[in-house]
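S.K.: structure here, sequence nowhere to be found:
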């Protein structure tokens, strides 16, 4: 069975000095940390999924910027963002926990101050 080299060829096509490449590598590192301990602690399959998610996240951001300038359609932007969201779900990232409101934060801080 022939090895799938499409991802390797796609990576070779990227100029590694560009902003896009830096964004992708930054996203890969961040996602790998979120999934579980960085690149060294993950399986090859997890890293492939993380690479795909990072690439799609960057592409979705680029598509959104182009759409805001009128250079891309809203439909293409929505499709790309949906692909990125599915890729994130595939690596089992849960949405971040909601941040407490400023009022709740200050109330908890005041309670801690009076408890001491």
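M.R.: Perfect, I can see it now. Owing to the predicted nature of the structure, the values given are computational and were not obtained by experimental measurement. Residues are numbered from 1 along each chain as shown.

S.K.: drop to CA atoms for contacts and neighbour counts, all remaining ones
M.R.: Noted.

S.K.: okay, now the unreliable bits of this structure?
M.R.: When residues are selected by pLDDT under 70, those of the chain lie in 1-14, 39, 93-98, 114-116.

S.K.: in it, which helix is the longest?
M.R.: The single longest helix within the chain, with elements called by DSSP state H, is helix 44-68.

S.K.: buried ones in that one?
M.R.: 46-47, 49-64, 67 (16 or more other Cα atoms under 10 Å).

S.K.: try stretch 21-34
M.R.: 21, 24, 27, 28, 29, 30, 31, 32.

S.K.: just checking, the second one touches residue 55?
M.R.: Yes: with contact taken as Cα atoms under 8 Å, residue 24 and residue 55 are classed as touching, separated by 5.7 Å.

S.K.: can you give me the helices in this protein?
M.R.: Using DSSP H, helices in the chain cover 6-13, 19-36, 44-68, 74-90, 102-115.

S.K.: now for the longest one, which elements pack on it?
M.R.: Which is helix 44-68. Other helices and strands packing on helix 44-68, by 3 or more Cα pairs under 8 Å, 6 or more residues apart in numbering; DSSP states H and E, are helix 19-36, helix 74-90.

S.K.: need the contact partners of that helix.
M.R.: By Cα atoms under 8 Å, 6 or more residues apart in numbering, the surrounding residues in contact with helix 44-68 are 20, 23-25, 27-28, 31-32, 39, 72-74, 76-77, 80-81, 83-84, 87-88, 90-91.

S.K.: understood, closing this out.
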